[in-house]
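Peer 1: Model the following, please.
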Amino acid sequence: MTRLAVIADIHANLPALEAVLEDIAHHDVDQIVVLGDLVGRGPYPRQVVERIVQAGWPLIRGNHEYYLLDYNTVRAPAEWKNHTMTAWTQELLGSDNLKRMACWPDTLSLRFRDAPPLRVFHASPETPFHGFFHHHSDDYLCEKLAGIDEGTVVVAHTHLVLDRQVDRWHLLNPGSVGLPLDGIQQARYMLLEGDDHGWRATQRRVPFDYDALFAEIRRTKLIENCGIAGRIFAHEFRTARPQIVAAHRWLHSAYPGRAMDEAAFEEFCSLNFWPYQNKSYHVFVLQPYYTLGDGLEPSLDLRRAEHGDVASVEQLLVQAVAGDKKQALQQWKLNVPDQRALLASIERGEVYLVADQGEDVAALRLQWYDEDQDSKQVLDTLYLHKVIVRHDVAAQALERRVLAWAEQAAREAAKAHVRYLAVPRAQV
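Peer 2: Below is the predicted model:
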């Protein structure tokens, strides 16, 4: 068996890289593979590049390496001329590191004797600038992956984890080491174990020293040197949410023709930014724990599901299928839940469990978009999918209380509507 650690999107965040490498040291990996964007946005570009180059790990370029290599050359698009952060990063990085970067490849094909070949890109086979999101259809992904012989493809760029089977391809994303954008201020990376049966991914989260990161942001005068771009990127580090694209979408809508400045960004920060956000980043929006008390006894605990809860969710799903069959219904198409899809949904923070006296009695899935109505999205709507309540606790008015909680959660997230989809009772 071969064991790999895959890291990506470090974004010049040395404290995050050091925390991840310390965690990797406990897992006896055969190799560390680096999927680009070592630099950009953060204050430690030279330290990060030199740490990785000196280690000799295989690596590829990302879009932020392209910014550095092509900025202020004839290859650079006209809109890059105002990239103040690129010029600042070039200065911190130094010419020797830029020359090393110029020789890095854009993709790698990894071929181990005891596991199937796998292919790595920064964003996609076509470009390092546009990545794969979980809301992309299988047809779209198959079109982009056509021509790739390897059955396992690992990408990065979106800063969101991904583990998805698309036709004959196993598509993976380790998330971001240095700039998490899922709302959780922890570094992400991926362990891969490969043998004759394929590659199995384990996604890892690691806390890192935010105080050290922001001390270096202040010491290097990132905001002063980079202007409004530095201000926005520092806010992305602070919130672990993407800001720059959403902020410019809002600005274009509210003030057509106006350039982004400090006053405009302050106004944007005071607003509900979710309507302007790519829907794939609508993850971990709600709190991880709630108590459904509402005056009824006993109170019930609702928590966000984690990897260790897969068996509980699967059991409730299987019971829901059995309940439907008993009532001659066909809401649930699968007798056996798709574990990979379930794990991906848990990774996105969509699945919640309700416990009664320590025992899981209900499960539900929340989404900020309707995957079955992709062309008819309502941005101010929370979609409540697959609410499963055990039949023997129905007397506690649990269904009503879960639905009431969803309405309150929608209000907290500044949503105007809740759409309910299926509230079956699991037979036990």
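Peer 1: how about the helices in the stretch 51-200 of the chain?
Peer 2: 63-70, 84-93, 95-101, 138-145 (DSSP state H, counting those that start in this stretch).
Peer 1: how close does G147 get to D106?
Peer 2: 15 Å (C-beta to C-beta, to the nearest Å). No exception for glycine: its C-beta is placed from N, CA and C like everyone else's.
Peer 1: quick one: which of those two has more around it?
Peer 2: Per other C-beta atoms under 10 Å, whichever of G147 and D106 has more neighbours is D106, with 16 against 6.
Peer 1: from memory that one sits against F121, does it?
Peer 2: Yes: assessed by C-beta atoms under 8 Å, D106 is found in contact with F121 at 7.4 Å.
Peer 1: joint contacts of the two?
Peer 2: Taking C-beta atoms under 8 Å, 6 or more residues apart in numbering as the criterion, D106 and F121 both touch I60, P128.
Peer 1: Report pLDDT for S312.
Peer 2: Predicted confidence (pLDDT) for S312: 88.
Peer 1: Just list the residues touching it, thanks.
Peer 2: Taking C-beta under 8 Å, 6+ apart as the test, what S312 contacts is A305, L353, D360, A363.
Peer 1: Same check on L364?
Peer 2: V351, Y352, V354, L384, H385, K386, V387, I388, V402, A406.
Peer 1: now do L98
Peer 2: L98 touches L68, L69, Q90, counting by C-beta under 8 Å, 6+ apart.
Peer 1: Point me to the residue sitting closest to the centre of the chain.
Peer 2: L160 (1.9 Å; C-alpha atoms, centre = their mean).
Peer 1: pretty sure it contacts F284?
Peer 2: No: judged on C-beta under 8 Å, L160 makes no contact with F284 at a distance of 10.5 Å.
Peer 1: any shared contact partners between the two?
Peer 2: Contacts common to L160 and F284, judged by C-beta under 8 Å, 6+ apart, are D182, R348.
Peer 1: any chance of the contacts of L364 in JSON lines, with distance to T220 and neighbour count too?
Peer 2: Formatted as JSON lines, the contacts of L364 follow (distance: C-beta to C-beta, whole Å; neighbours: other C-beta atoms under 10 Å):
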{"residue": "V351", "distance to T220": "40", "neighbour count": "22"}
{"residue": "Y352", "distance to T220": "41", "neighbour count": "26"}
{"residue": "V354", "distance to T220": "47", "neighbour count": "26"}
{"residue": "L384", "distance to T220": "45", "neighbour count": "23"}
{"residue": "H385", "distance to T220": "45", "neighbour count": "18"}
{"residue": "K386", "distance to T220": "48", "neighbour count": "21"}
{"residue": "V387", "distance to T220": "49", "neighbour count": "24"}
{"residue": "I388", "distance to T220": "51", "neighbour count": "26"}
{"residue": "V402", "distance to T220": "48", "neighbour count": "22"}
{"residue": "A406", "distance to T220": "44", "neighbour count": "22"}
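Peer 1: Reformat these as TSV; add pLDDT.
Peer 2: Below are those laid out as TSV (pLDDT from 0 to 100):
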residue	pLDDT
V351	90
Y352	90
V354	88
L384	79
H385	75
K386	71
V387	78
I388	82
V402	77
A406	79
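Peer 1: Which members of those residues occur in strands, if any?
Peer 2: V351, Y352, V354, L384, H385, K386, V387, I388 (DSSP state E).
Peer 1: Among the residues you listed, which pair sits farthest apart?
Peer 2: V354 and H385 (15.1 Å; C-beta to C-beta).
Peer 1: for this protein, what are the low-confidence residue spans?
Peer 2: 285-300, 321-337, 368-380, 393-397, 412-414, 416, 420-428 (pLDDT under 70).
Peer 1: try it again with 80
Peer 2: Judged by pLDDT under 80, the chain has its weakly predicted residues at 284-300, 318-340, 356-358, 367-387, 390-428.
Peer 1: What separation is there between G131 and Y44?
Peer 2: Applying C-beta to C-beta to G131 and Y44 gives a distance of 24 Å.
Peer 1: The two: which has the busier surroundings?
Peer 2: Shown here are G131 and Y44; by other C-beta under 10 Å, Y44 has more neighbours (27 against 21).
Peer 1: And D23, how far from R411?
Peer 2: For D23, the distance to R411 - C-beta to C-beta - is 38 Å.
Peer 1: Give me the more crowded residue out of those two.
Peer 2: D23 (18 against 12).
Peer 1: nearest residue to that one other than its sequence neighbours?
Peer 2: Among residues not flanking D23 along the chain, V206 sits closest, at 4.8 Å (C-beta to C-beta, 6 or more residues apart in numbering).
Peer 1: For the one you found, which residues are in contact?
Peer 2: A16, A19, V20, E22, D23, Q186, A187, R188, Y189.
Peer 1: biggest separation within the contacts of L364, which pair?
Peer 2: Going by C-beta to C-beta, the pair spanning the contacts of L364 furthest: V354 and H385, at 15.1 Å.
Peer 1: on that earlier part again, distance to L181 added to the ones in strands among the contacts of L364, as TSV?
Peer 2: Below are the ones in strands among the contacts of L364 laid out as TSV (distance: C-beta to C-beta, whole Å):
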residue	distance to L181
V351	20
Y352	22
V354	29
L384	24
H385	23
K386	26
V387	28
I388	30
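Peer 1: Any idea how many residues pack against Q47?
Peer 2: 18.
Peer 1: what about it, which helix or strand?
Peer 2: Here Q47, judged by DSSP states H and E, is contained in helix 45-55.
Peer 1: what's that helix in contact with?
Peer 2: 10, 12-14, 17, 32, 34, 38-39, 42, 59, 89, 92-94, 97, 100-101, 178.
Peer 1: just the buried members of those residues?
Peer 2: Those of those that meet the buried threshold are 10, 12-14, 17, 32, 34, 38-39, 42, 59, 89, 92-93, 97, 101, 178, by 16 or more other C-beta atoms under 10 Å.
Peer 1: In strands, which of the residues you listed fall?
Peer 2: I32, V34.
Peer 1: Map the structural domains onto the sequence of the protein.
Peer 2: For the chain, automatic domain parsing gives the domain ranges 2-206, 210-281, 289-426.
Peer 1: Give the phi and psi angles for H135, as a check.
Peer 2: Note on H135: backbone dihedrals following degrees, to the nearest 10 are phi -80, psi -10.
Peer 1: Quick check: closest non-adjacent residue to it.
Peer 2: S280 (5.2 Å).
Peer 1: do P180 as well
Peer 2: Nearest to P180 is A240, by C-beta to C-beta, 6+ apart, at 4.7 Å.
Peer 1: My guess is the one you found contacts G175. True?
Peer 2: No: contact criterion C-beta under 8 Å: A240 and G175 do not qualify, at 11.1 Å.
Peer 1: neighbour-wise, which of those two wins?
Peer 2: When neighbours are counted by other C-beta under 10 Å, A240 and G175 differ, and G175 comes out ahead with 28 against 18.
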